[in-house]
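Q: Turn this into a model:
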Amino acid sequence: MTDLTPTRSLAIQLQDERRTMREGYAFLDEKCVLLAGEMLRELRAYQALVRELAPLQAAARAALQSAVARHGLDGLQVYPAAPGRYALRFERRALLGVAMLDARLDGEAGTAPPAVMPSPEAEACRAAHAHVAAQLVRIAASSANLARLYAEYRKTVRRVRALQDVLLPEIESALAEIETSLEELEQDEFGFLRRAVRAAQSSV
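A: Alright, predicted model coming up:
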């Protein structure tokens, strides 16, 4: 910016740009704070969902062991599957331009064909794993929210640092140089006028 011709209009333009950059910096800095707060809330929600998953997985493992003990691995593999009537439901929301969503698995298992050797153990195994699947859908949505929030946070932080460390110092330096040059020009003009006045007075 040192090769710019110092003029009063250029100084005013740079002052306007500096004011706009400062406003943008304040907005982005506040956005970082809001994103960080939302990440903490989403992280707590994610951790709660993971804690809820642990007993569901334990119940599914226990149900699987009971079903295998009753039917054997080969027998359980050919146990009739229930045709599922499931659908993913999404609730979309946004925070500062970041797309967020909550997801759940709606529906229920349909009626399975009759088994040769039906058992409550196999049915319990089916139900337990359906509960695990439903919880995993919620966890997946929360994990995706965290990833999007983190990506937006990193992008915003880069912009804040660019304004703070590069753009604002550059414009401050350029503005200081121009204002210094303008002061020197004004002093030169004042000196020229003073000498002209003295010369005119001495010639009278």
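
Q: check contacts around the most centrally placed residue in the chain.
A: In the chain, the residue lying closest to the centroid (CA atoms, centre = their mean) is Leu149, at 2.1 Å. With contact taken as CB atoms under 8 Å, 6 or more residues apart in numbering, Leu149 is in contact with 35, 38-39, 42, 95, 98, 100. C-beta coordinates here come from the backbone N, C-alpha and C atoms, glycine included.

Q: how about the helices of this protein, start to end?
A: Taking DSSP state H to define them, one finds helices in the chain at 8-77, 120-162, 168-203.

Q: where does this structure dip in pLDDT?
A: Scanning the chain with the threshold set as pLDDT under 70 gives 1-4, 109-111, 184-204.

Q: hmm, try it at 50
A: 1 (pLDDT under 50).

Q: Distance check, Leu10 against Ser119.
A: 86 Å (CB to CB, to the nearest Å).

Q: And for Arg126?
A: Going from Arg126 to Ser119 by CB to CB gives 11 Å.

Q: circling back to that earlier point, filter the contacts of Leu149 down to the buried ones, PyMOL style.
A: In PyMOL, this line selects whichever of the contacts of Leu149 come out buried by 16 or more other CB atoms under 10 Å:
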select buried, resi 35+38+39+42+95+98+100
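
Q: Mind putting the contacts of Leu149 into JSON lines with distance to Ala141?
A: Shown next, in JSON lines, are the contacts of Leu149 (distance: CB to CB, whole Å):
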{"residue": "Leu35", "distance to Ala141": "18"}
{"residue": "Glu38", "distance to Ala141": "15"}
{"residue": "Met39", "distance to Ala141": "15"}
{"residue": "Glu42", "distance to Ala141": "10"}
{"residue": "Leu95", "distance to Ala141": "14"}
{"residue": "Val98", "distance to Ala141": "14"}
{"residue": "Met100", "distance to Ala141": "9"}
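
Q: Now flag whichever of the contacts of Leu149 is closest to His131.
A: Nearest to His131 out of the contacts of Leu149 is Glu42 (CB to CB; 22.9 Å).

Q: related to what we said a few turns ago, in terms of distance to Glu177, which of the contacts of Leu149 ranks first?
A: Nearest to Glu177 among the contacts of Leu149, with distances taken as CB to CB, is Leu35, at 36.4 Å.

Q: need the contact list for the residue nearest to the closest one when sequence neighbours are not counted.
A: Leaving aside its chain neighbours, Leu35 sits nearest to Tyr153 (4.4 Å; criterion: CB to CB, 6 or more residues apart in numbering). Going by CB under 8 Å, 6+ apart, Tyr153 touches 32, 35-36, 39.

Q: want to throw those into TSV with distance to Gln77?
A: Output for the contacts of Tyr153, formatted as TSV (distance: CB to CB, whole Å):
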residue	distance to Gln77
Cys32	52
Leu35	47
Ala36	48
Met39	43
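
Q: Return the closest of these with respect to Leu88.
A: Using CB to CB, these come closest to Leu88 at Met39, 24.3 Å.

Q: I'd like to know how many residues surround Pro113.
A: Residues near Pro113, counting by other CB atoms under 10 Å, number 8.

Q: now the one 5 residues further on
A: Neighbour count for Pro118, taken as other CB under 10 Å: 12.
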